[in-house]
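A.B. asks: Pasting the sequence and the predicted coordinates here, then a few questions.
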Amino acid sequence: MTETSKPNQLRLEVWNTVNERYPGSMISKEDFVPLSFLTKPLSESKLSFVSTSGVQPVGTMPFDTVHPIGDYTYREVPSNLKPHELEIHQLKYPTVGANQDINVIFPIERLQELAQEGVIGGLTDNFYSFIGYNMDPDKLEQKLAEDIADAVVKSGADIALLCPA
Amino acid sequence: MQRALERKGIPTVSLTVALDVTEHIKPPRSMFLPFMMGHHFGVPYHKELQREIILEALDHLVEAKESGEVKFPPFTWAKARKEGIAIKRSLGLK
C-alpha cells in the first residue's frame, strides 16, 4: 500500500503550493483501481513507454507549451529512433540532464538494449509522449488519458512503463 | 493515464520523483526515486544506472501484489550525481 515516507521526500509541501497556485488543477483520488497482472513472462512481453516529457520526433508539430490551459494532444514516438532524432518541447521541468543525454527522461536507448537482449519481449512500434502542463484534469483524464490508453492497447503492448516528468 | 491502462488490462508501473503528488493520484504501481525533476532515470551518460532503474521498475511490475504499492529502491541522488560526474570526466566531457 502507499506508504508515506516523509524523510525521503525532497520537495516537502509542494502539493499545497501547486494547489494554491492553480486551484483544482491536480487530480486527487480516494480509491485504487484493481491491478492487471502479467499473462506471460517479461521476456515475452511487449513494452510500451508513456511519458509526459514532451519528447517528440524532430519535425513533428511542437507541443503548445504556452497555451493557458495546456495541450491535450500526444505524439507517437517510433521506438526505433536515435536520440538525435528526438527533441523536447516542454517548459515545466528542468531539462539540463536531458539536453545532454535524453535517456535520463526518455530512456529509448536503454529500452532498445533490453529488448535486443531479450530481457523484455520487445517494444511497441511507437512510444507515447505528451506534456504535463494541463490545467483541466477532467479533460486530461477523460480524453487524453483514454486516447493514449486506447493507442497503447491497439499497439499490442503487454506491459507499460510510465514516466510523469 | 495509468489507471486507464490498468482498467484496459495492461499492467503498468510508473516512476515518480514527487511522493506527495503520488499519494494524491494513487497510481496502481509506482517506484519513488529521490531524484531531481526531469531526471527519473538518473544522470547523463550513466547507462548502468539508467538500466538498473528500468529493471527495478519492471521487477516491481512483476512483484507488486496490491494496487497502490510504492517501491523505494536504494538509489540516492548524491551517489548518482557523483558517479555521473566521474563518467563525464572519463568521457572527456565537461
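C.D. replies: Great, that's in hand.
A.B. asks: only C-alpha atoms for contact and neighbour calcs from this point on.
C.D. replies: Fine.
A.B. asks: Pick out the residue nearest the middle of chain B.
C.D. replies: The structure's chain B has its C-alpha centroid closest to B:Leu15; by C-alpha atoms, centre = their mean the separation is 4.1 Å.
A.B. asks: in chain B, which spans are strands?
C.D. replies: For chain B, the strands defined by DSSP state E occupy B:12-16, B:29-32, B:69-71.
A.B. asks: how about the longest one against chain A, any contact?
C.D. replies: Put plainly, it is strand B:12-16. Yes. Counting by C-alpha under 8 Å from any C-alpha of the partner chain, chain A has neighbours in strand B:12-16: B:Thr12, B:Val13, B:Ser14, B:Leu15, B:Thr16.
A.B. asks: mind listing what that strand pairs with, with the direction of each?
C.D. replies: Strand pairing for strand B:12-16, determined by DSSP bridges: strand A:159-163 (parallel), strand B:29-32 (parallel).
A.B. asks: which residues make contact with the shortest one from outside it?
C.D. replies: The list of residues contacting strand B:29-32 from outside it, by C-alpha atoms under 8 Å, 6 or more residues apart in numbering or on different chains, reads B:12-19, B:57, B:60-61, B:64, B:67-73.
A.B. asks: lowest confidence element among the helices and strands of chain B?
C.D. replies: helix B:19-25 (a mean of 83; mean pLDDT, DSSP states H and E).
A.B. asks: Give me the buried positions along that helix.
C.D. replies: B:Leu19, B:Asp20, B:Val21, B:Thr22, B:Glu23, B:Ile25 (16 or more other C-alpha atoms under 10 Å in any protein chain shown).
A.B. asks: For it, which helices and strands make contact with it?
C.D. replies: helix A:14-21 (3 or more C-alpha pairs under 8 Å, 6 or more residues apart in numbering or on different chains; DSSP states H and E).
A.B. asks: quick one: strands adjacent to the very next helix or strand once past the helix it packs on?
C.D. replies: The helix or strand immediately downstream of helix A:14-21 is strand A:46-51, counting by DSSP states H and E. Using DSSP bridges, the strands paired with strand A:46-51 in its sheet are strand A:122-123 (parallel), strand A:126-129 (parallel), strand A:159-163 (parallel).
A.B. asks: what comes into contact with the second one?
C.D. replies: Okay, so that is strand A:126-129. Under C-alpha under 8 Å, 6+ apart, the answer for strand A:126-129 is A:48-56, A:74-79, A:148, A:155.
A.B. asks: and these, which of them are in strands?
C.D. replies: A:Ser48, A:Phe49, A:Val50, A:Ser51, A:Val55, A:Gln56, A:Arg75, A:Glu76, A:Val77, A:Pro78.
A.B. asks: Around the residue nearest to B:Met31 when sequence neighbours are not counted, count how many other residues there are.
C.D. replies: Leaving aside its chain neighbours, B:Met31 sits nearest to B:Lys71 (4.5 Å; criterion: C-alpha to C-alpha, 6 or more residues apart in numbering or on different chains). Applying other C-alpha atoms under 10 Å in any protein chain shown, we find 20 residues neighbouring B:Lys71.
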